[in-house]
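Chemist: Please work out how this folds:
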Amino acid sequence: MRMAMQQQKTPQLYNEHMAVAFYQERYGHGYMDEWPIEKKRRIFEVIRRLELPDVGDILDFGCGNGVLTDVIRQALPLGWKVYGTDISEIAIKNAKKRYPECIFFVTDDKEFIGKRFDFLFTHHVLEHVYSLPQIIEEINDRLKDKSTILHILPCGNEGSFEHSICLLRKDGINPLFENRFFFEDEGHVRRLSTEQLVALSKENNFILAKEYYSNQFYGAIDWITQSGPSFVRLFTDASLAIDEAAKIKLNKMHYKLLFLWSLRFPADFVESRLRKRNRTVRDYIFVILGLPLYVLAKPMDHYLKRKALTEWNKRKTEQNGSEMYLFFKR
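Modeler: As a prediction, this is how the structure comes out:
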C-alpha cells in the first residue's frame, strides 16, 4: 500500500506549486524537526575539514527548520555570517524562533534576491527538487564568482548495502523517477551518482575538490534498524524478488534486521523521547517505564553506532556509500 501511494504522489512533486504545498504540509506536522547527534557531528567534522577562510557569507539552501544551519554556524569561524532559506514559510518561521543567531528567509523573499554568497550548503535537497536544472541555476545565481558548495545527499553509486538490496528486486531502481531506490521516501524524486552531480556542477565551472561517503554497510544497518519494523518489512520485502535466490536472501535479511531492531528498540525509543523539543507528561512516563529495558538495549544500540562511526572514520573516501558529501570550488 505504501509503495502504491508513493507512485501516485511522487510524480506530483515535479510540479513547483504542488511541491511547495507538499512541504508546507509536512513542516506543519513536525517534518525534520531534529537530526541525530551522529549526523550533526559528521557535518560539523566535514565543514571543519574544508579549510574555509575566516570570514564570509554562507547560505543553507533548503534549510528546513534550521537545525543544521545552526550546526554550520558552530562549525565555521566566527567571522562567517550564516543564512538559511527554504520554500516553506512554516519552516522559516520555526527556524527564526529557534536559532536567532542565524538569518532566515523564504526563498522568494525579494529582500535577498540580489544577495551573493561565498559558500552554499545543501543537505538532502537535490533529491527533492521538482526541476534539478532550474535549482542548479538558482544556486549558481546566489553565489559569487569565486565560491564553494557542499552538497550532502543520497548516493546512487554502486556497491553500497542499500544498492545491493535494490539489485535483488525487479523494481529496485526506478528509471522513471531518475533512478530512485524502491524504499525511498515519497518526497524523493531522484537519486544521483557522484558522476552525475560532478557533470552538472561543471556546467557552472564548479570542480569537485573533496568527497566523502557514509553508510557503506554498518551505517546503513544503523539507520535501517532505527526506522522501525514496518520499514524493515518494506526494505526486505521479497514479493518482487528477481528470482528464488534473491527471495531467500531478502527473507534472511528480513529476520536479521528485525532481530537487531528488537534488540535496540528500547534504547532508541527512550532517547527519541528525550530528544523531543516539546516533551509532554506522557513522554516522561514512557521514559520512566522504558528505563529497565533501556539498560538492556543500550549495549546493542551503542555497538551499532560505534560500528557506523568506525566505518565512517576508515572508509569515508570510498565511493560505495549510500550518502555522499561533495565539496565543489570555483
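Chemist: so how far is P53 from the residue nearest in space to the middle of the chain?
Modeler: For the chain, the residue nearest the mean C-alpha position is H124 (4.4 Å; C-alpha atoms, centre = their mean). According to C-beta to C-beta, to the nearest Å, H124 and P53 sit 26 Å apart. Placement of C-beta: from N, CA and C, glycine included.
Chemist: next one: P154
Modeler: On the measure of C-beta to C-beta, P154 and P53 end up 30 Å apart.
Chemist: Counting neighbours, go ahead and name the busier of those two.
Modeler: For P154 versus P53, neighbours defined as other C-beta atoms under 10 Å are more numerous around P154 (22 against 12).
Chemist: per-residue confidence at that one?
Modeler: Predicted confidence (pLDDT) at P154: the value is 97.
Chemist: do the same with V129
Modeler: 88.
Chemist: Measure how buried it is and give me the count.
Modeler: 22.
Chemist: Check the one 4 residues further on too.
Modeler: Applying other C-beta under 10 Å, we find 10 residues neighbouring P133.
Chemist: which SS class is it?
Modeler: Using DSSP: H, G, I helix; E, B strand; the rest coil, the structure places P133 in helix.
Chemist: Next up, the contacts around it.
Modeler: L200 (C-beta atoms under 8 Å, 6 or more residues apart in numbering).
Chemist: So it versus R190, what's the distance?
Modeler: From P133 over to R190 (counting by C-beta to C-beta), the distance is 12 Å.
Chemist: Tell me, what's the model's pLDDT at I47?
Modeler: 97.
Chemist: which residues are contacting the helix or strand containing it?
Modeler: Secondary-structure assignment from DSSP states H and E places I47 in helix 37-49. Residues outside helix 37-49 that contact it (C-beta under 8 Å, 6+ apart) are 67-68, 71-72, 74-76, 123, 150, 152, 210, 212, 214, 305, 308-309, 312, 325, 327.
Chemist: Buried ones among those?
Modeler: Among these, those scoring as buried are 67-68, 71-72, 75-76, 123, 150, 152, 210, 212, 214, 305, 308-309, 312, 325, 327 (criterion: 16 or more other C-beta atoms under 10 Å).
Chemist: Name the single longest helix found in the chain.
Modeler: helix 281-315 (DSSP state H).
Chemist: So for stretch 269-280, mean pLDDT?
Modeler: pLDDT averaged over stretch 269-280 gives 77.
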